[in-house]
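**Q** Here is my input, please return the structure:
(one chain, ligands or ions: 1)
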Amino acid sequence: MNLDRSSRDAGLLAGKVGVVTGAAQGLGEAICKLARGEGSKVVVADIADELGESVAGEIRSGGGDAIFVHTDVSAEADVEALVAATVDRFGRIDWLCNNAVGGAGGFGPLEAIDDDHWSRTVDVCMKGVFLGMKHAIPAMLDGGGGAVVNITTSGIFKGEAMLGAYVAAKGGVHALTMATASEYAARGIRVNSVAPAGMETRAIRRYFEKYPEFEEMTIATHAMRRLGRPEEVAEAVVWLASDRASFVTGTCLVCDGGNLVNSHLL
Ligand SMILES: NC(=O)c1ccc[n+]([C@@H]2O[C@H](COP(=O)([O-])OP(=O)(O)OC[C@H]3O[C@@H](n4cnc5c(N)ncnc54)[C@H](O)[C@@H]3O)[C@@H](O)[C@H]2O)c1
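**A** As a prediction, this is how the structure comes out:
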């Protein structure tokens, strides 16, 4: 049994190459920056070119190694090109975090979800995860193994009103995570998910500006009575992506400030 932790100084992801989708801001940006701090080279993938270039640029100016690749995760040709660009630049892929989120609609009852809202949300949030794994896993297998971390939401475990398409897509990702973990475990690929709840991001701030009455209510749904910081969720992602999680596959790490176990009686 090797319990020597001296290699930790080099970083949890020392020498590894990772791809993060939806990485131009929010959680994706935090994952890239924390992973870089843990020794990883990172590929920042997003449709937001200016923000994505800026995240990769910041990492490089801090002494890290990063590139930005414009990628719409719902477009197979883009995802193939992302994997090719990563292998071309860094020679391998060790870990992938499918984090991108997007869709055509916001909040609303099921009967108001139109075809475009449903299809676009499922395409970005679920098909995007499928495509990411479909194209990155062969590159990981070429390198002898790897780890995938898919981002879902703790809402999939409790029913999330007014977000039908989004939670359905994320629930699909949860099931696909387990299926893919089972398929590839014997070949050295681990596949897990992280389920956050409310996080302090620009996106949630924009939402609270639009619906100020929801801010206090949202915070109260967390047993810790606060939102999470993106770097707190990034810690879970980085650990699952690292060899320190070597016997963990097919699981969902709920990282939600007690949103799932919250009781409104307290
Ligand atoms: N923020 C929260 O409170 C919260 C709660 C639970 C789960 N999550 C999950 O965490 C993850 C990150 O959320 P966030 O709040 O940081 O999001 P965000 O909105 O801040 O960032 C999402 C990024 O995805 C990119 N994106 C959108 N469509 C894309 C596409 N087709 N291809 C590639 N990139 C695309 C956007 O440009 C953006 O940079 C998501 O999977 C989200 O569902 C977030």
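
**Q** Need the three-state assignment for residue 254.
**A** Put simply, residue 254 is strand when judged by DSSP: H, G, I helix; E, B strand; the rest coil.

**Q** so what's residue 6 scoring on pLDDT?
**A** Confidence per residue is given as pLDDT, and for residue 6 that number is 62.

**Q** what's the nearest residue to the residue in the chain positioned nearest to the ligand if we skip its chain neighbours?
**A** When Cβ to the nearest ligand atom is the measure, the chain has its nearest residue to the ligand at residue 26, with 2.3 Å between them. Every C-beta, even on glycine, is put in place using the N, C-alpha and C of the backbone. By the measure of Cβ to Cβ, 6 or more residues apart in numbering, the closest residue to residue 26 outside its immediate chain neighbours is residue 201, 4.0 Å from it.

**Q** now do residue 140
**A** residue 146 (3.0 Å).

**Q** tell me the phi and psi of residue 232?
**A** The phi and psi values for residue 232, taken as degrees, to the nearest 10, are phi -70, psi -40.

**Q** check contacts around residue 11.
**A** Residues counted as contacts of residue 11 (Cβ atoms under 8 Å, 6 or more residues apart in numbering) are 37-40.

**Q** typo on my end, residue 145
**A** With contact taken as Cβ under 8 Å, 6+ apart, residue 145 is in contact with 187-189.

**Q** Show the buried residues in the residues you listed.
**A** For the contacts of residue 145, a neighbour count by 16 or more other Cβ atoms under 10 Å gives the buried set as residue 189.

**Q** Quick check: which of the contacts of residue 145 are also close to the ligand?
**A** The subset of the contacts of residue 145 within reach of the ligand, counting by Cβ under 6 Å from any ligand atom, is empty.

**Q** In the least confident helix or strand in the chain by mean pLDDT, which residues are buried?
**A** Within the chain, confidence by mean pLDDT, DSSP states H and E is lowest for helix 202-210 among all helices and strands, at a mean of 88. Of the residues in helix 202-210, those scored as buried under the neighbour-count criterion (16+ other Cβ under 10 Å) are 204, 207-208.

**Q** Would you mind listing what in the chain touches the ligand?
**A** 21-22, 24-28, 46-48, 71-74, 99-102, 124, 151, 153, 196-199, 201-204.

**Q** Mark which of these are buried, thanks.
**A** For those, buried by 16+ other Cβ under 10 Å: 21-22, 24-28, 46-48, 71-74, 99-102, 124, 151, 153, 196-199, 201, 204.

**Q** Give the residue spans of this structure that score low on pLDDT.
**A** Where the chain drops to pLDDT under 70, the residues are 1-2, 5-8.

**Q** Show the subsequent helix or strand relative to the longest helix anywhere in it.
**A** If each helix of the chain is counted by residues according to DSSP state H, the longest one is helix 164-184. Scanning forward in sequence from helix 164-184, with DSSP states H and E defining helices and strands, the next element found is strand 189-196.

**Q** quick one, that following strand and helix 164-184 angle?
**A** Relative orientation of strand 189-196 versus helix 164-184 (axes from the mean of the first three to the mean of the last three Cα atoms, to 10 degrees): 150 degrees.

**Q** Mind listing residues that contact strand 189-196?
**A** 27, 133, 137, 140-141, 145-154, 156-157, 173-174, 177-178, 180-181, 184, 228, 233, 236-237, 240, 245-246, 248-256.

**Q** Provide a list of residues in contact with the spatially closest residue to residue 109 that is not a sequence neighbour.
**A** Spatially, and ignoring its direct neighbours in sequence, residue 109 is nearest to residue 162 (6.4 Å; Cβ to Cβ, 6+ apart). Neighbouring residues of residue 162 by Cβ under 8 Å, 6+ apart: 107-109.

**Q** Looking at these, which are in helices?
**A** If you go by DSSP H, those have nothing in helices.

**Q** Same list (those) but as a markdown table, adding neighbour count.
**A** Supplementary listing: these in a markdown table, determined by neighbours: other Cβ atoms under 10 Å:
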| residue | neighbour count |
| --- | --- |
| 107 | 15 |
| 108 | 14 |
| 109 | 9 |
